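J.: how would this look folded up:
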Amino acid sequence: MRLKGKRVALLVADLYQELEFWYPYYRLREEGAEVVPVGPEAITYKSKLGYPAEAKLAARDAKAEEFDAIVIPGGYAPDLMRRSPEMVRLVREAHARGKVVAAICHAGWLLASAGIVKGKRVTSFSSIKDDLVHAGAEWVDQEVVRDGNIITSRFPDDLPAFCRAIIEALMVPISGDQ
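T.: Now for the predicted structure:
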């Protein structure tokens, strides 16, 4: 229960990648965090394979200051998320407040749309490398990268390292690049 008292927004939209949503959902809950699925609307979304995930909160009702972290799964959901001004606002505001912002796989699309990767060292699924580089990031091919309050990973095989980095960041105040 190392994260007791911590509150995490886990973003969701249609076509999310199943493991990248459910693995952090249960891993962070296992550590005692309250995990709140947040979507463009407070409805049930379907994964790439059709698995449902219910957003308990609409992005327009989510306030960055009420969360300790934002976790963004991949799949094609981030492309849909970045079309929601409220989802982009939530990520941008969380980053500005120094909250942990964690993105895996294609979730880097949402970081780029939020304008928070310029000058940051990040990773992602290789197919969106150019998007992140054009947004001003330094892209590297590593299982997990932490640059200040931004944590990124490449794909489902990286989930153990991704979740360890999120847990560590939530346990220790963020102080510069690691």
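
J.: could you pull out the helices for the chain?
T.: 18-30, 77-81, 85-96, 108-114, 129-134, 159-171 (DSSP state H).

J.: quick one: which of the ones you listed is nearest Ile43?
T.: Among the helices of the chain, the nearest to Ile43 by C-beta to C-beta is helix 77-81 (12.7 Å). Heads up, the C-betas are built off the backbone N, CA and C, glycines and all.

J.: and that closest one, what other elements does it pack with?
T.: helix 108-114 (3 or more C-beta pairs under 8 Å, 6 or more residues apart in numbering; DSSP states H and E).

J.: tell me the contacts of Gly32?
T.: Gly32 is in contact with 1-6, counting by C-beta atoms under 8 Å, 6 or more residues apart in numbering.

J.: What number of residues are in the vicinity of Tyr51?
T.: Look at Tyr51: counted by other C-beta atoms under 10 Å, it has 12 neighbours.

J.: same check, this time on the one 10 residues further on
T.: In terms of burial, Asp61 registers 12 neighbours under the definition other C-beta under 10 Å.

J.: Repeat that for Glu86.
T.: Glu86 has 17 nearby residues by other C-beta under 10 Å.

J.: can you pull the contacts of the closest residue to it other than its chain neighbours?
T.: Nearest residue to Glu86 in three dimensions, chain neighbours excluded: Ala59, at 3.7 Å (C-beta to C-beta, 6 or more residues apart in numbering). The contact partners of Ala59, by C-beta under 8 Å, 6+ apart, come to 38-40, 84, 86-87, 89-90.

J.: please redo it, this time with the cut-off set to 7 Å
T.: Applying C-beta atoms under 7 Å, 6 or more residues apart in numbering, we find Ala59 in contact with 38-40, 84, 86-87, 90.

J.: What of Pro40?
T.: Pro40 neighbours (C-beta under 7 Å, 6+ apart): 13, 58-59, 81, 84, 86-87.

J.: And for Arg83?
T.: With C-beta under 7 Å, 6+ apart, Arg83 has no contacts at all.

J.: Please report the distance of the residue nearest to Glu86 from Ala13.
T.: Distance of Ala59 to Ala13, computed by C-beta to C-beta, to the nearest Å: 10 Å.

J.: hang on, the earlier thing: of the contacts of Pro40, keep whichever come out buried.
T.: Among those, those classed as buried by 16 or more other C-beta atoms under 10 Å are 13, 58-59, 81, 84, 86-87.

J.: pLDDT and distance to Trp139 for these - can I get that in JSON lines?
T.: Shown next, in JSON lines, are these (pLDDT from 0 to 100; distance: C-beta to C-beta, whole Å):
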{"residue": "Ala13", "pLDDT": "98", "distance to Trp139": "24"}
{"residue": "Ala58", "pLDDT": "98", "distance to Trp139": "32"}
{"residue": "Ala59", "pLDDT": "98", "distance to Trp139": "27"}
{"residue": "Met81", "pLDDT": "98", "distance to Trp139": "20"}
{"residue": "Ser84", "pLDDT": "98", "distance to Trp139": "25"}
{"residue": "Glu86", "pLDDT": "98", "distance to Trp139": "27"}
{"residue": "Met87", "pLDDT": "98", "distance to Trp139": "23"}
